[in-house]
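Peer 1: Sequence first, then the predicted structure, then my questions.
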Amino acid sequence: MSILSRLGEILGPANVLTGRDMAPYAASWTDKYVSDPLAVLRPADTDQVSQSLRLAQDAGIAIVPAGGRTGVTGAIHTKGGIILSLERMNRIREIRPDTRLAIVEAGVILSALHDAAEAQGLYFPLWFGARGSAMIGGVLSTNAGGSNVLRYGSTRALCLGLEVVLADGRVMNLMSELHKDNSGYALKDLFIGAEGTLGVITAAVMKLVPAPRAHATAILAVPSLGAALTLLNRLQQATGGLVEAFEFMPRDYMELLRDRRPDLGHPFAEIHDITILVELGATAPRDADAGPDGAIPLTGLTEGILGDMLEEGLILDAIIASSEAQRETIWARREAAAEIVTGAGHTVDFDVALPLDRVESFLTRMQETLQTLNPGARTNTVGHLGDGNIHLAIFPTRKDTMLDERLTETIEEIVRDLGGSFSAEHGIGLSKLSSMRRRKDPVALDMMRAVKAAFDPKNILNPGKTIPDVTF
């Protein structure tokens, strides 16, 4: 009996896809990576995942876990392997309001968890543009970040426990609900960010937080990134750390937004060199409840700080959302980032992290170097300025593999010199393997390979991804 027939007996023939039925799973949403899988499996529970992995390991066939397929690094690409889609494992098993926990399966869509938490007066504070399709297993496997890392941390900080199926089919139960557990190695954290190379995440215990009762959302023009950092620090100090998002939209981004999404409009009469989106969220009644005049204290406090900085010349212009519709419009301009770059032509893309006070130096050096290497090249820049994460797309004047590689290595050099990282939140996948080989500490890479060998000695779990030069 063939392995596909045996898998059909375990999952049901309708959940072992082949031929044309695999087409939706074979292409990444950017169409940069097109897979040619042997089959696509759609297990319904952990036991089916376990049995599938046991068969795959015995047959020596690669297993590539997939969630909402919103990644950009080629992490679910395969030639001849089996794509394991967790989409049917989409139950929110439990929301526990008293302990502020959600117990969820890997196929739960992020926005579905947002809705379930909201129904209990709570909030799952992982927020980014692909929330309507990204799944919990995927965001854990990439340690996704998003707009609220500044206040709540990345996905790893929001996870208490995991259920993981190992390469040999064994199920590792790490579904802890504890905030403190010092019983040996923190194995859970190895799987978060491992992109399915160590095990298949099937369920998780995620933290929830009180839902904000009020937001203060503003779009600002500032004269420099130094002024923006001053603003961030003043807001954090004055509000006790209520800043949830601090987003960076410079001139190149706003110009591309104007050209590709004119329907979203522009906040100001002119495009400024630096535009900042800032959002604060409050849960305490003293900050969130309207006074006799209908004013929200958080909004009034924010207005006061912005007004003082306008007088000092540290802010050039500002608009504070006065309704939920205005707030949504402000966010729509920021969340159009992936859309406006996709399809705009050939790009060389970067997802870098930098110390906050060195972002300006990075941008200056990057532009100077770019015009030396490829005069006339354009850029599109956007980022989570509050945590130092910058997304950069370079549009070279010609499509040239050698030029692309030179640009990549040069930008990496600048990032390294400034104490940053070439990968902030998108993962490694295929696209950053060469960067890992060049920039990651060699001893760290050796230890990663040793961990991979211990968990997956036959190298069937998403082989060729994340860790370069894995050979057993």
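Peer 2: Perfect, I can see it now.
Peer 1: Show me this protein divided up by domain.
Peer 2: 3-85, 92-210, 214-337, 345-424 (automatic domain parsing).
Peer 1: Pipe these into JSON lines and attach distance to residue 452 and mean pLDDT per row.
Peer 2: Quick note: C-beta positions are derived from backbone N, CA and C, even for glycine. Formatted as JSON lines, the domains of the chain follow (distance: least, C-beta to C-beta, whole Å; pLDDT from 0 to 100):
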{"stretch": "domain 3-85", "distance to residue 452": "14", "mean pLDDT": "92"}
{"stretch": "domain 92-210", "distance to residue 452": "6", "mean pLDDT": "96"}
{"stretch": "domain 214-337", "distance to residue 452": "33", "mean pLDDT": "95"}
{"stretch": "domain 345-424", "distance to residue 452": "18", "mean pLDDT": "96"}
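Peer 1: Would it be right to say that residue 466 lies in a helix?
Peer 2: No - counting by DSSP: H, G, I helix; E, B strand; the rest coil, residue 466 is not found in a helix; it is coil.
Peer 1: Can you list the buried residues in stretch 424-434?
Peer 2: 424-433 (16 or more other C-beta atoms under 10 Å).
Peer 1: make that stretch 83-101, sorry
Peer 2: Neighbour-count burial for stretch 83-101 flags 83-90, 92, 95, 100-101 (criterion: 16+ other C-beta under 10 Å).
Peer 1: Buried residues of stretch 10-23, list them for me.
Peer 2: Buried positions in stretch 10-23, judged by neighbour count with 16+ other C-beta under 10 Å: 10-11, 15-17, 22.
Peer 1: hmm, back to that, next, format the domains of the chain as CSV and append distance to residue 464.
Peer 2: Below are those laid out as CSV (distance: least, C-beta to C-beta, whole Å):
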stretch, distance to residue 464
domain 3-85, 8
domain 92-210, 9
domain 214-337, 29
domain 345-424, 17
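Peer 1: looking at the ones you listed, which is closest to residue 449?
Peer 2: Closest approach to residue 449 among the domains of the chain (C-beta to C-beta): domain 92-210, 10.7 Å.
Peer 1: Give me the nearest residue to residue 468, chain neighbours excluded.
Peer 2: Leaving aside its chain neighbours, residue 468 sits nearest to residue 437 (4.3 Å; criterion: C-beta to C-beta, 6 or more residues apart in numbering).
Peer 1: make that residue 367, sorry
Peer 2: In space, residue 367 is closest to residue 379, 7.3 Å off (C-beta to C-beta, 6+ apart).
Peer 1: what packs against whichever helix or strand the one you found is part of?
Peer 2: Residue 379 belongs to strand 378-384 when assigned by DSSP states H and E. When contacts are defined as 3 or more C-beta pairs under 8 Å, 6 or more residues apart in numbering; DSSP states H and E, strand 378-384 packs onto strand 243-250, helix 251-260, helix 337-341, helix 359-373, strand 389-395.
Peer 1: can you list contacts of the fourth one?
Peer 2: This means helix 359-373. 224-226, 248, 250, 352, 354, 377, 379, 381, 383, 385, 388, 390, 392, 394, 403, 406-407, 410-411, 414-415, 418, 420 (C-beta atoms under 8 Å, 6 or more residues apart in numbering).
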